[in-house]
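[1] Dropping a prediction and its sequence here:
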Amino acid sequence: MNKNLRQNDLFVQTDKQMKKVKKFFNKRLNNFQAKIKIFVPILLIIVFSVSAMTFFSVYLSKNNIYDSIENYLSLEVQSLMKMFEREYELKMEHAKKNLRISKELFNQKGFRISDEKIDFSLIDPETGDYEKLKVNKWLLNKKELHYNYDFVDKIKATLGCQATVFQKTENGFVRISTNVLNDDGNRAVGTVIGFDSPIFKEINDGRDYFGRAYVVNDWYITGYSSIKDEKGETTGLLFVGSKEKDLPELAEKFRELKIGRSGYPFVFDGSAKMVINHNDKGYDWESMGIIKTIMGEKNELLKDQSHVKRFVSEVDNEEKIIAYDYFKDFDFYICAAVNESEETKDLIRDLIIASILISLLVVLGISIIVYFIAIEKFHGYLKALETRDLELATMQDALKHSEKLATMGQLSAGIAHEVNNPLGVVLMYSNILKDECDPESEIYKDLDTIATQAGRCKTILSGLLNFARKNELNKGRVKLSAFFDNVKKSVIIPKTVNIFITHENPHFEVELDENQMIQVFVNFINNAVDSMKSNGDISISTGIDKQAVIFIVEDTGPGITEENQKRLFEPFFSTKQMGKGTGLGLAVVYGIIKMHRGKILVESNADASKGKTFARFIVTLPKNSE
């Protein structure tokens with residue numbers, strides 16, 4: 001019986017405990033519902049504000065993407081212009097060399113002017129009719145030169161250029177021997193250069209003529225030199241030249257060139273005829289209205305740099321972006337075009353996805369913070385805080401992804417600044433909450449994790465901003481020996497690593513931003529120590545030439561593969577294990593050196609079968625700032 005009484009007492013006590021638990025949770029649930037009613041309007045305000053800022057940010061970023069593509073195309077066109085400038089210079093050099101050699105060969109053949117008069121037919125430049133006149137008989141290598149093509153054909157076979165011998169007459173300089181062809185495919189013998197030609201004016205002043213000239217039916221890069229009689233008077237001309245549109249090597253480079261994902265270059269002349277088109281693009285550009293528009297801006301292009309336009313193609317109805325410039329020496333229009341959608345759709349899509357993701361995470365983060373401040377005494381705080389911690393970790397990953405997207409084009413600094421501010425808020429509030437908690441509590445540990453991870457995120461953003469190089473250099477003069485003493489003080493070198501520093505002139509003073517360049521060499525040394533697994537030799541040497549100071553850093557590590565060398569200075573590229581590096585070290589190094597107007601080269605052998613492995617970085621800085 002006693003046993004039954006004890007069992008009844010146990011049931012009664014259990015029932016009372018259950019009622020207390022239900023009462024506790026009912027009270028907390030009612031309190032929770034009340035807080036939710038207060039929290040919902042605040043949440044809506046947060047969502048609206050963040051959404052508005054997100055859409056505005058996406059709008060600005062899209063414009064920045066378009067601006068970046070236009071700037072990129074303009075730079076490509078300027079590079080192509082440089083190629084044509086070099087081609088023009090080469091053709092001029094060839095014209096000078098060919099004229100010099102042709103004159104020597106002509107004189108060696110024993111040129112002589114006979115007193116004998118012969119009949120010769122010239123073509124009147126105005127009427128096109130043949131006109132007979134008496135001219136002195138010319139001999140070359142004891143053979144009559146008129147209608148004799150041995151010499152000019154030998155010049156073409158030897159030097160690869162066209163050649164002509166002119167005889168001076170009362171009508172002008174007439175071609176008596178040439179391998180320049182008429183439109184009908186015959187040699188242009190009998191055609192005339194008038195005395196009003198700028199070529200004659202240059203020759204008459206006693207100088208050879210070099211430059212662009214219209215020869216018979218096409219434009220040539222030419223050289224003209226006078227042929228003199230025994231009295232030293234000009235009695236004829238010797239011509240060599242090559243067609244300016246004869247650009248086989250340059251045309252092949254253009255056809256193989258790829259710009260962006262969908263872009264390609266092409267060239268047309270002043271008559272709107274296509275000179276160079278891309279292998280993969282058979283578009284009939286000559287029929288497009290944009291060609292007329294470009295040609296209509298010729299005078300503006302002569303004054304300004306390249307222009308950029310966006311238009312709808314009449315061939316495929318796609319929106320395109322085209323940059324173009326005018327090369328006066330060849331009368332060429334040099335263009336680079338891309339399909340707007342192919343270049344921007346992936347960037348804009350990723351940008352929108354990233355922005356939406358970041359916005360959602362920011363909304364969730366802010367909402368959680370506000371929610372927990374409103375009901376800080378709620379007993380489910382710990383569970384919610386763990387969820388928040390997980391969400392914040394996810395937001396950090398998304399922000400890193402956004403930063404990587406921002407490195408494409410010229411958006412690095414803008415996105416980094418946008419993300420840096422909310423991270424500062426997270427870091428500030430997490431530290432405030434830490435100050436209000438017991439250091440021994442689990443809450444404190446979780447908040448410390450949040451603060452640590454937010455601080456790490458700010459460090460990564462700082463590195464990305466350094467890569468964007470928005471700050472200015474603070475240059476000063478420092479001795480090489482003192483500079484590297486400070487470098488050694490700034491880095492911890494294991495005892496198992498030997499470092500050797502040699503200077504051609506240790507007292508030479510170099511002008512640089514000491515703090516930033518110390519960061520460069522600390523990165524080099526740390527990377528070398530990591531690659532050698534803290535066991536090997538590092539050598540640093542400095543040299544000086546007329547215009548630059550050269551720094552060489554070399555280690556005895558396993559080297560860098562050719563594939564990795566191509567991506568070595570890309571932001572976020574790292575060969576280290578996950579979590580041991582952000583991949584911004586060498587990107588920052590690259591940015592600092594470029595800010596100093598310097599250069600950096602990498603030499604390495606990562607194949608032990610080819611000899612000793614090593615990695616060598618060569619940094620060249622100008623002696624004096626510009």
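    Here it is on my side, so go on. Numbers count the residues shown, from 1 in each chain.
[2] what element comes up after whichever helix or strand residue 300 is part of heading to the C-terminus?
    Following DSSP states H and E, one finds residue 300 within helix 298-303. For helix 298-303, the succeeding helix or strand toward the C-terminus, using DSSP H and E, is strand 307-312.
[3] strands paired with that next one, and their directions?
    Its sheet considered, strand 307-312 pairs with strand 319-327 (antiparallel) by DSSP bridges.
[4] Other residues contacting the strand it pairs with?
    With CB atoms under 8 Å, 6 or more residues apart in numbering as the test, strand 319-327 has contacts from 66, 69-70, 73-74, 76-78, 81, 84-85, 88, 290, 294, 298, 301-302, 305-313, 332-341, 343. Where you see a C-beta, it was placed from the backbone N, CA and C, and this is true even at glycine.
[5] can you check stretch 332-343 too?
    So stretch 332-343 is contacted by 69, 73, 76-77, 80-81, 84, 259-270, 275, 294-295, 310, 318-327 (CB under 8 Å, 6+ apart).
[6] What's the local residue count around the closest residue to residue 310 other than its chain neighbours?
    Spatial nearest neighbour of residue 310, chain neighbours left out: residue 321 (5.2 Å); criterion: CB to CB, 6 or more residues apart in numbering. A total of 22 residues lie near residue 321 under the criterion other CB atoms under 10 Å.
[7] now swap in residue 544 and tell me
    As a burial measure, residue 544 scores 15 neighbours (other CB under 10 Å).
[8] so what's the residue nearest to residue 310 bridging to?
    Beta bridges link residue 321 to residue 310, residue 338, judged by DSSP bridges.
[9] how near is it to residue 81?
    Look at residue 321 and residue 81: by CB to CB, to the nearest Å, they are 18 Å apart.
[10] Can you name the element that comes right after the helix or strand of the chain with the lowest mean pLDDT?
    Averaged element by element with mean pLDDT, DSSP states H and E, the chain has its least confident helix or strand at helix 381-407 (a mean of 52). As assigned by DSSP H and E, the chain's next helix or strand after helix 381-407 is helix 412-435.
[11] Was I right to think residue 236 contacts residue 164?
    No - with contact defined as CB atoms under 8 Å, residue 236 does not reach residue 164; the gap is 10.2 Å.
[12] neighbour-wise, which of these two wins?
    Under the criterion of other CB under 10 Å, the comparison of residue 236 against residue 164 puts residue 164 first, with 27 against 21.
[13] Where does the more buried one sit, in terms of helix or strand?
    In this assignment (DSSP H and E), residue 164 forms part of strand 162-169.
[14] Okay, now the sheet partners of that strand, with direction.
    strand 172-178 (antiparallel), strand 234-243 (antiparallel).
[15] Tell me, what's the model's pLDDT at the spatially most central residue of the chain?
    Central residue of the chain (CA atoms, centre = their mean): residue 72, 7.0 Å from the mean position. What the model reports as pLDDT for residue 72 is 85.
[16] Pretty sure it sits in a strand.
    No - under DSSP: H, G, I helix; E, B strand; the rest coil, residue 72 sits outside any strand and is assigned helix.
[17] Ends of stretch 473-483, what's the gap?
    One end of stretch 473-483 sits 16 Å from the other (CA to CA, to the nearest Å).
[18] contacts for that stretch?
    Contacts for stretch 473-483 (CB under 8 Å, 6+ apart): 503, 505-518, 542, 549, 595-596, 625.
[19] Does residue 597 touch residue 622 like I think?
    Yes - contact criterion CB under 8 Å: residue 597 and residue 622 qualify, at 5.6 Å.
[20] Which of these two has more residues huddled nearby?
    Neighbour tally, residue 597 and residue 622, criterion other CB under 10 Å: the higher count belongs to residue 622, 16 against 12.
[21] What's the separation between the more buried one and residue 501?
    As judged by CB to CB, residue 622 and residue 501 stand 22 Å apart.
[22] Surely residue 590 is in a strand?
    No - the assignment for residue 590, made by three-state DSSP, is helix rather than a strand.
[23] secondary structure element for residue 360?
    For residue 360, the enclosing helix or strand under DSSP H and E is helix 340-374.
[24] Can you check what angle separates that helix from strand 319-327?
    Using axes from the mean of the first three to the mean of the last three CA atoms, to 10 degrees, the direction of helix 340-374 lies 120 degrees away from that of strand 319-327.
[25] how far off helix 412-435 does helix 340-374 point, in degrees?
    Using the same axes, to 10 degrees: helix 340-374 against helix 412-435 is 10 degrees.
[26] quick check, distance from helix 340-374 to the centre of its chain.
    The chain centre lies 29 Å from the centre of helix 340-374; the measure is CA atoms, centre = their mean, to the nearest Å.
[27] Equivalent analysis for stretch 234-250, please.
    For stretch 234-250, the separation from the chain centroid amounts to 36 Å (computed by CA atoms, centre = their mean).
[28] Would you work out how far apart the start and end of it are?
    Terminal-residue distance, stretch 234-250 (CA to CA): 38 Å.
[29] Residue 570: neighbouring residues, count only.
    Counted with other CB under 10 Å, the neighbours of residue 570 add up to 15.
[30] For residue 561, see how far away it is.
    Using CB to CB, residue 570 is found at 15 Å from residue 561.
[31] Start and end of stretch 289-305, how far apart?
    22 Å.
[32] who's in contact with that stretch?
    The contact list for stretch 289-305 (CB under 8 Å, 6+ apart) reads 74, 78, 268, 270, 272, 285, 307, 309, 311, 314, 322, 324-326, 328, 333, 335.
[33] for that stretch, which positions count as buried?
    For stretch 289-305, a neighbour-count test (16 or more other CB atoms under 10 Å) marks 290, 291, 294, 295, 297, 301 as buried.
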